[in-house]
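**Q** Any chance you could fold what I've pasted below:
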Amino acid sequence: QVQLVESGGGLVQPGGSLRLTCTATGSISSINVMGWFRQAPGKQREMVARIVSSDTTAYGDSVKGRFTISRDSAKTTAYLQMNNLKPEDTAVYYCHALIRSHSSDSYQSYWGQGSQVTVSA
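**A** Reported below is the predicted structural model:
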């Protein structure tokens, strides 16, 4: 059973930093994409950052220059370093990955449980 386990959310003051971690566990053959989406109350879920198998990265316009996504050498854990946080970054952050398990011929979409990030004075 493949799972994504998230950690690292919390409460921070404007201008502060947080780091989110997402680890893929289970019978994994290959991971194509790992990244984060976020959803604030009353708003649609939006892409925050993603990293693909070639280590190419992409970011949402609102976080460019402030957030950095990276992966460990095993490419099963992704990190989202969030700097200069703003109140508008407040949301639930969901880790997402496209993973092919040992029991499947295709990539499946997986989601983490979500991490609350609150930016407030």
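**Q** Around Val48, how many other residues sit close by?
**A** 24 (other CB atoms under 10 Å). Where you see a C-beta, it was placed from the backbone N, CA and C, and this is true even at glycine.
**Q** which residues touch it?
**A** Neighbour list for Val48: 35-38, 59-60, 63, 67, 80, 93 [criterion: CB atoms under 8 Å, 6 or more residues apart in numbering].
**Q** And the next helix or strand past the helix or strand hosting it?
**A** Using DSSP states H and E, Val48 falls within strand 46-52. Per DSSP H and E, the first helix or strand lying C-terminal to strand 46-52 is strand 57-59.
**Q** Give me the helices and strands touching that next one, please.
**A** strand 46-52, strand 67-71 (3 or more CB pairs under 8 Å, 6 or more residues apart in numbering; DSSP states H and E).
**Q** Make a markdown table from those strands and add distance to Tyr110 and mean pLDDT to it.
**A** Listed next are the helices and strands packed on strand 57-59 as a markdown table, based on distance: least, CB to CB, whole Å; pLDDT from 0 to 100:
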| stretch | distance to Tyr110 | mean pLDDT |
| --- | --- | --- |
| strand 46-52 | 14 | 97 |
| strand 67-71 | 15 | 97 |
